[in-house]
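**Student:** pasting the sequence and the predicted model now:
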Number of protein chains: 2
Amino acid sequence: MNETSRRRYDDACATAHAMDLIGERWALLVIRELMFGPKRFSDLRADLPGISANVLTQRLEGLEAAGIVARRKLPPPTPVQLYELTEWGAEAEPIFQSLGRWAARSPLHDPTLPFSASSLFLSFRTMFDPARAEGLAASIGFRIGKERFLVRIEDGRLIAERRAFEAADAVFAGTASAIAAVVYGGVPMAAITEEGALVVEGDRALAERFIRLFPLPDKAEIASTRDVVAAEA
Amino acid sequence: MNETSRRRYDDACATAHAMDLIGERWALLVIRELMFGPKRFSDLRADLPGISANVLTQRLEGLEAAGIVARRKLPPPTPVQLYELTEWGAEAEPIFQSLGRWAARSPLHDPTLPFSASSLFLSFRTMFDPARAEGLAASIGFRIGKERFLVRIEDGRLIAERRAFEAADAVFAGTASAIAAVVYGGVPMAAITEEGALVVEGDRALAERFIRLFPLPDKAEIASTRDVVAAEA
DNA sequence: CGGCATCCGGGAAGATACTG
DNA sequence: CAGTATCTTCCCGGATGCCG
């Protein structure tokens, strides 16, 4: 597994080089999971269902060698190993915006699959429509498992951070999938809260407005469904 | 081979879905080569050095099944098979912009590798700096192998198309790599033209100005030390 | 428990040869 | 020209186990 034997595009195009850097399987999703701050190995494993420890180790090594991820060890009281994005690694966010905006139009996209917290808040940044937030100033808290996120909306801008919060105008508590279901799936909030999969605290009218701030683009048309079926054979 | 057996991320995140669609090896570069219009199978092979015929076949099938690429057969006089992007496929261009802008900062990026014509003109769209084109109106022709491209600059905008042209204020003739060397490599135009790898016709002063319209971002630092506060739970 | 090495099976990618 | 067919190589995914 030496460096020279690795499969690469011999192409000066920066896009091809980007695929050399982050085109391997899971690499981009590892970066996604680090977009809101450092995590440890086991957090990454838990947030990326399906990745094997083996592959995660390889991806972290590769991303570190490329200068995208850095590893940091906390001082001896709790010698925890953390992985975090470098400054340049964090600048990859526009890649998620463009990929997400484009793929949201895919006819094959299945939004009922599991959703990670990082995906959810990245998608908020991507799909936020300032026009729908006209005149709105609010802070919305989120409790997703053990993680806490705070979304602030001010001056037609949205700031989403992973951080603890004391007070918020409204709070959502539940899985990322449940929140995605009401924001993107068109599922009425009452239907989810009655199931107990989602709890909404505080200003419920604000929560209702919040979940409508993220319109999805229309699906792309499929020229012919025959081609899709035929290619699966 | 049914659809369920294919390696996919079971993730509702649109970015993960994007990687399901275009994350396989070569897929994004196939799309890149189609960004300026239809091509045939052998054109794609020639413009993607290193891809094998069977992989190209698989990628085209997959991209067609996903609704990104369409195949079209010209009428019987010359029954040529063409591949082209669908409308939605063409909307992938912002992905190239964000990937290219980001990867151009990579310390590992090697711009001396071969460059395809499509890469070059996509990079022009990506790196064009309107401020440097202040008050400039010009059309620049390109002869790269058998291909012809025309770049027009008007009102601080750049339009790059693959098309024949009759008259242009200046014309570059040579390989895409030679043009990239003067635009991005900082190689003096005279050095390349003397080698015969590049011929510049028409308004030479305009050509000299043109090649300075595409500034590259600074390289990212190999940051060994970063001050980051400890992560919360 | 966290992180990493090792082994194995399956499948995707790469190279070459061949065909309508 | 536009792909198949075949074979090899190597990556991915899962399991196990080592070591601090």
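**Tutor:** It's in.

**Student:** ok, now how distant is the closest residue to DNA strand C within chain A from A:Glu87?
**Tutor:** Relative to DNA strand C, the nearest point of chain A is A:Phe41 (2.2 Å; C-beta to the nearest atom of the strand). Backbone N, C-alpha and C define where each C-beta goes, glycine included. Distance of A:Phe41 to A:Glu87, given as C-beta to C-beta, to the nearest Å: 22 Å.

**Student:** residues touching A:Gly67, list them.
**Tutor:** Shown in contact with A:Gly67 (C-beta atoms under 8 Å, 6 or more residues apart in numbering or on different chains): A:Thr86, A:Trp88, A:Gly89, B:Ser106, B:Pro107, B:Leu108, B:Ala220, B:Ile222, B:Ala223.

**Student:** pLDDT score for A:Val228?
**Tutor:** A:Val228 is assigned a predicted lDDT (pLDDT) of 42.

**Student:** returning to that earlier point: ok, of the contacts of A:Gly67, which come out buried?
**Tutor:** Listed as buried from these are A:Thr86, A:Trp88, A:Gly89, B:Ser106, B:Ala220; burial here means 16 or more other C-beta atoms under 10 Å in any protein chain shown.

**Student:** who's more crowded, A:Phe41 and A:Glu87?
**Tutor:** Counted by other C-beta atoms under 10 Å in any protein chain shown, A:Phe41 and A:Glu87 do not tie: A:Phe41 has more neighbours, with 16 against 12.

**Student:** how close does the more buried one sit to A:Val30?
**Tutor:** Counting by C-beta to C-beta - A:Phe41 and A:Val30 are separated by 11 Å.

**Student:** ok, now A:Val187?
**Tutor:** Separation of A:Val187 from A:Val30 (C-beta to C-beta): 30 Å.

**Student:** looking at the two, which is more packed in?
**Tutor:** A:Val30 (25 against 16).

**Student:** dump the residue contacts of A:Gly141.
**Tutor:** Shown in contact with A:Gly141 (C-beta under 8 Å, 6+ apart): A:Arg148, A:Phe149, A:Leu150, A:Val151, A:Phe165, A:Ala168, A:Ala170, A:Val171, A:Phe172.

**Student:** assign the nearest residue to the first one once chain neighbours are set aside to helix, strand or coil.
**Tutor:** Taking C-beta to C-beta, 6 or more residues apart in numbering or on different chains, and ignoring the residues beside it in sequence, A:Arg148 has A:Ala164 as its nearest neighbour in space, at 5.0 Å. Going by DSSP: H, G, I helix; E, B strand; the rest coil, the secondary structure assigned to A:Ala164 is coil.

**Student:** count of neighbours near A:Ala164?
**Tutor:** The tally of other residues near A:Ala164 (other C-beta under 10 Å) stands at 11.

**Student:** pop out the phi and psi values for it.
**Tutor:** Main-chain torsions, A:Ala164, degrees, to the nearest 10: phi -70, psi 160.

**Student:** any weak-confidence spans in chain A?
**Tutor:** Within chain A, the stretches with pLDDT under 70 are A:1-6, A:75-78, A:223-233.

**Student:** following the longest helix seen in chain A, which helix or strand comes up?
**Tutor:** If each helix of chain A is counted by residues according to DSSP state H, the longest one is helix A:53-65. Next helix or strand after helix A:53-65 toward the C-terminus (DSSP states H and E): strand A:69-73.

**Student:** can you give me the buried ones in that next one?
**Tutor:** A:Val69, A:Ala70.

**Student:** likewise stretch A:159-173?
**Tutor:** Residues of stretch A:159-173 classed as buried by neighbour count (16+ other C-beta under 10 Å): A:Ala160, A:Arg162, A:Phe165, A:Ala168, A:Asp169, A:Ala170, A:Val171, A:Phe172.

**Student:** what helices or strands is the one helix or strand A:Glu161 maps to leaning on?
**Tutor:** For A:Glu161, the enclosing helix or strand under DSSP H and E is strand A:157-162. In terms of contacts (3 or more C-beta pairs under 8 Å, 6 or more residues apart in numbering or on different chains; DSSP states H and E), strand A:157-162 is packed against helix A:117-127, strand A:147-154.

**Student:** quick one, domains of chain A?
**Tutor:** A:3-91, A:96-210 (automatic domain parsing).

**Student:** coming back round to it: can I get the helices and strands packed on strand A:157-162 in TSV with distance to DNA strand D and mean neighbour count?
**Tutor:** What follows is the helices and strands packed on strand A:157-162, written out as TSV (distance: least, C-beta to the nearest atom of the strand, whole Å; neighbours: other C-beta atoms under 10 Å in any protein chain shown):
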stretch	distance to DNA strand D	mean neighbour count
helix A:117-127	18	22
strand A:147-154	24	19
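
**Student:** among the ones you listed, which is nearest A:Glu194?
**Tutor:** Proximity to A:Glu194 (C-beta to C-beta) singles out helix A:117-127 among these, at 21.4 Å.

**Student:** and the helices in chain A?
**Tutor:** Secondary structure of chain A (DSSP H): helices at A:14-22, A:27-34, A:41-47, A:53-65, A:87-90, A:93-103, A:117-127, A:176-183, A:189-195, A:204-210, A:225-232.
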